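Peer 1: Structure, please.
(chains A, B and C)
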Amino acid sequence: MKAKNNSIRLPERLLISRSYTTSESNKTGSWRYLMPRYYEKTAPCSVACPAAEDIGRIQMLNTQGFFKEAWDTILVENPFPAVCGRICFHPCEKVCNRGRFDEAVSIRALERFVADTAQRYKLTSGIEPMAFTGKRIAVVGAGPAGLAAAHFLHLLGYDCHVFEALPEPGGILRWGLPRYRLPLAALQPEIERIRNSGVSIYCGQAVGRDFLHSAGETYGAVFMACGAQRMPLLRIPGEDLPGISEGLAFLCSVAQGGGPGFQGTAAVIGGGNTAVDVARCLRRLGARAMIIYRRRREDMPAFAEEIELALLEGVELLELYAPIRIEKEGNGLRLTLQQMKIGAMGADGRMRVVPDENRIRELTVDQVFKAIGFEAAEPWHVPEAGAVSHLKLRQAVLTQGANSVPVVYCGDPVTEIQSVVHAVASAKEGAMALHVLLTGGTAAVAETLAAAAVGPGGSLSMEAFLKGERLNRSSHVVAYEEINIDHFQYAPRMIQPRLLQAERVASFAEIDLKISAGMAIREAERCFNCGLCNQCDNCRLFCPDLAVRQEDSKRGRRIDYDYCKGCGICVVECPRNAMVLEEEQDS
Amino acid sequence: MVSGHVGCAGCGAAIAMRFFLQALGNQAIMVMPACCWSIIAGSYPMSSLRIPLIHTAFETGGAVASGVRAALDMKGDTQTTVVTWAGDGGTFDIGFQALSGAVERNEDFIYVCYDNEAYMNTGVQRSSSTPYGAWTTTTPGREWKRMRKKNIVEALVAHRIPYAATASIAYPQDLMAKVAKAKAIKGSRFLHIFASCPTGWRIPSELSVKIARMAVQTNIFPLYEVENGVKYTINLSPKGYLVREYFKLQGRFKHLSDQDLSEIQNMVNEDWNLLLRKAGLPQVQGEHM
Amino acid sequence: MKQVLEGSHAVAEAVRLAKVQVISAYPITPQTHIVERLSDYCADGTIKARFLRVESEHSALAVMIGAASTGMRTFTATSSQGLALMHELLHWSSGARLPIVMAEVNRALAPGWNIWADQTDSLSQRDTGWIQLYCETGQEVLDTTLLAFRLAEAVNLPVMVVLDAFFLSHTYEPVDIPSQAQVDEFLPPIIPRIQLDPANPCALNQLSPPNIYMEMRYQIHLVMQAALSELEKFEGDFERIFGRRYGAVEPFLCQDAEIILVTSGTITSTSRQFVLDQRAQGEKIGVLKVKLFRPFPVEAVRGYLKNARKVGVIDRNFSFGAGGIFAQEVRAALYGLARRPPVFGFIAGLGGRDVTLESLGEILTRLKTLKRPDPESIWIGLQEVQLAGPKS
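Peer 2: Numbers count the residues shown, from 1 in each chain, chains lettered A, B, ... in the order given. Next up is the predicted model:
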């Protein structure tokens, strides 16, 4: 029999739990109360570098093999990578966060590698200067400060005329640094590059004091970068005896190919780099060299590495001895030395030394070299007290007389530390300040320079000043604890290849040998790139919500806040702290 | 996998799925017994996955996959990979029978256990995967769990399956390499993926991956693989964090005393040495192992 | 072609003819002869199917769920404890709308251990959403199994073919085994409406919140109701090809019957003989066999029973605290009628005890003497038991 109830029809379509759309209509970004964002920060090395070189960025480019781009990135902050890559005292490496992990990155060696590579392939810088301002500026002195000032002023749109008393430009770089530290072949292209960029360098043209008053007829401003060549007096009896020379003059004659073979014993008085350079040159000329220093080795202003190398070369070091007189003895000189001892700590944080009772030592040598620091050769090389406007900056001084053009003083006479990179930093600050003065007036200088500061130490970035792509160099300096070291493997610092020890004193050949590109890349890979995005992609990879999207932009990715739940994994897993997690703003 | 899934902020299981699918590709059918992912994958009519997915009863991961595989075999489909994606409860506990049955038959599929060490979907109840020392809502206060975590990989290895491996969301390359390797093998393959749970472990969500990494680095969750039940390979030599560093970051362990932590360190050392022995490697001594 | 077959083998023959693609089962007496025969067929290539010998009934049904969700025609068989273990997945398979077919051999539930006929195992699964078809003979078992596939795949619900332990599963009877061509005509290959397919990915059985769960359940209800007419339609096809028809319910001499016994399974056969015997003695008595238990054929039951003076339902099952399960269903079916016969519930043959002509005689006597039904079921053939051992 038929069932009566046959009115119910079979539904045509199944109503089952079967998906037909994606979960993308759930905008899970509404859950978020913390918000990640990309926020690049500043690496400690860059802060420690007086020239504010963007070291993290440079190493990132090196890692990728973009050596030219790395070179350009240096040049915008420092026109002397081939020089500084050799002789800089690399404060960057002392603060390198990698140093807390295993060993600091060999930043200086990488800088030299980049510069040498650029020279080897005769690369030209891709940095575009600003539009010509129509103004011409005179630079007095073609040493590191003067040449750097011309470089920066050129970038800022000025026509520069550099006046140099000596027959060749370069100053201390050419005349004062031994070739085994800085070969002429490394220096020459740096100077040529500045010249070729459009800077006019007039050598053999000494400038007198009156130039400061007459310059206004031709120049919109004067840059004083005369350096410090005069040695202060020892203020001891006998310091004028024959056979006593100034260290710098000696180095200068060696640099010119002078310095005949010298078999005797020489004493070098002083503890700075010049003293060490003199002693090492003497060793190369065949002499026995002794450095006499009134404090301890660790107190010497000379770079520790240079002292180390000097001792390896057979230079002797007499610590805690102060010369009290020099007398003639036969064909030689007799030095009387006061034994010193450590006293109380001085206001500058260094230990004072005081005479150790009447302990005296006598020493007979064939020659004595004085190398106890330098000061400006002429009083007008330093700022005049009577200027109407006298703006003392960190590394430079800017003055303006009643009826004269602005005068900027930079380089050794006005910097606290006398080094090439400080000269560069001084020139940069002076150039920036002058530019602000000429375009916006004195009042704007401090604020504008502050905007270009990298970290709290006073290093200034020309790139930031020029409003480059990394205009906002964050004031947040990345600490070691902020690095996610889980993403780094231990790797030893590169070992700088050098001339064999026995060969070093045999010639003035450069001691540090070149490194291969592979070695440079490996070393650059050790860099944490603190605070910088190197596109490692961890943020995207680890996002549980697929809220970090790839896109065709410079960074290559963006956060999709429609879906980002604000978990913060991207921020923590960023190995280099290039992101930040912040409170969500109420909208 | 797409955005808009409802996993908690910082969900390790979501990260595990990302890496897994990235390595596996879309030519797959996924079987999903009850677990956190039953929710994360989306409610009707949405799905957060772009592969066919069948939600199934809690204890059926091994069996339903066997059925799917059988169906594909009947269709002559040799390209599609069948995957079971289960939590620790569905693997270590309620689903263990079906899993054991399936791998004993050497069913041709990949069984993935993403392990967040408790019943998280139901609100943090203890499972046999919950580690010694942990608080859960069913091991509260002084009743914190005093039993060791079941060694599921060894249980699977005892079945002499072609491939069994551990992996962690903190080691994507290792994880994805294992998925690729598993994909190429026929027969039963087992992946045990450590997937941290910020909600259940009482940890800040941003540390989710970091803590998973520490689990490996402490030897609490070593990365290794076993082929055919005999060939052991340890994939990563840990830097050797102490377990206390791992434990102190997690609220679920905050009640433990120094003495407890020392005992746990000893257990971890013992397990690590056991693994070294199986891998034919020399034993190590000392706290940092 | 007629052969003398066990009921179990009748199931196996139907499964072979249905060209099932995936089989999975776990052994339990008295289902074993079904799966052993199927194993033989798979082993010798008679059936081209994957047979998964799993580690439990639960997994057997889980395998079905996986295979059916991937578009396969699937079959499993179980009994008693095994069915009880499957309980969760019985709900799952109907909720997932999978056309799984299962042979279920009615066996008593433990404890104590009892392997003999009893319907409580399958009837206690009445709310799981499975269509249930109860069989009386070996031939009916074979035919019903074929019908089950057709019906399951049409309505996308699982179907249970139920047969009594031993009385049917292990009893040899002549069975007409149809040709493959006939079966192919009746049962074409499955056209799956649910299929896991990497080319068309979707998620199945997902979280279904309150805003949609009820509608999904309502559709299952509608489909269950539609299954009544679908079954009728397919029985028409079946009769055309094979010349046999059963019906959701099958009346035997009910037309003028004053007393109608309602039966299911093998008790029906005994009842047919009893009715013939009683008719010979002038009793106006008939039997209504209920074949389709879910969906319950309310209108058909009403149609046959409404004019009877008394209805006696014989249940080889029991719902503790209530009564015989068929009796409850029959009472509920008649409830809406203005005039309806009293329904008397009898419990007989639990745990495989024989329901003999004498048992039926006792039932008829009770039916004739009792004026109105007691809410209590009447247990037939209970014996006095001498208790020994502990006092508690």
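
Peer 1: Going by secondary structure, the closest residue to chain B within chain C is in what exactly?
Peer 2: For chain C, the residue closest to chain B is C:Gly66, as judged by Cβ to the nearest Cβ, at 2.5 Å. C-beta here means a position set from N, CA and C on the backbone, and glycine is covered the same way. For C:Gly66, the element it lies in under DSSP states H and E is helix C:57-68.

Peer 1: check whether that helix contacts chain A.
Peer 2: No - using Cβ under 8 Å from any Cβ of the partner chain, helix C:57-68 stays clear of chain A, coming no nearer than 12.7 Å.

Peer 1: Could you look up the SS state of A:Val368?
Peer 2: strand (DSSP: H, G, I helix; E, B strand; the rest coil).

Peer 1: what about it, how many residues close to it?
Peer 2: 24 (other Cβ atoms under 10 Å in any protein chain shown).

Peer 1: Just confirm it contacts A:Glu327, I think it does.
Peer 2: No - using Cβ atoms under 8 Å, A:Val368 is not in contact with A:Glu327; the gap is 11.0 Å.

Peer 1: Pull up the overlap in contacts between these two.
Peer 2: When contacts are counted by Cβ atoms under 8 Å, 6 or more residues apart in numbering or on different chains, A:Val368 and A:Glu327 are jointly contacted by A:Leu333.

Peer 1: circling back: tell me which element the nearest residue to the residue of chain C closest to chain B once chain neighbours are set aside falls in.
Peer 2: Leaving aside its sequence neighbours, C:Gly66 sits nearest to B:Gly67 (Cβ to Cβ, 6 or more residues apart in numbering or on different chains; 2.5 Å). Using DSSP H and E, B:Gly67 maps to helix B:61-75.

Peer 1: SS state for B:Ile54?
Peer 2: With three-state DSSP as the basis, B:Ile54 sits in strand.

Peer 1: for A:Arg195, what are its contacts?
Peer 2: Taking Cβ under 8 Å, 6+ apart, we find A:Arg195 in contact with A:Pro169, A:Ile201.

Peer 1: On the three-state scheme, it is what?
Peer 2: A:Arg195 ends up helix, using three-state DSSP.

Peer 1: where does it land on pLDDT?
Peer 2: What the model reports for A:Arg195 is a pLDDT of 95.

Peer 1: And C:Lys233, by the same measure?
Peer 2: 96.

Peer 1: Show me which residues of the stretch 101-250 of chain B sit near chain C.
Peer 2: Residues of the stretch 101-250 of chain B lying near chain C (Cβ under 8 Å from any Cβ): B:Gly101, B:Ala102, B:Glu104, B:Arg105.

Peer 1: sorry, back to before: chain center to the helix holding B:Gly67, what's the gap?
Peer 2: 22 Å (Cα atoms, centre = their mean, to the nearest Å).

Peer 1: Kindly report the same for stretch A:531-547.
Peer 2: 31 Å.

Peer 1: Which residue ranges of chain C form helices?
Peer 2: C:7-17, C:32-43, C:57-68, C:80-95, C:120-123, C:138-155, C:180-186, C:210-242, C:267-280, C:298-305, C:325-334, C:357-369 (DSSP state H).

Peer 1: ok, the residue nearest to C:Gly66 to A:Thr439 distance?
Peer 2: 79 Å (Cβ to Cβ, to the nearest Å).
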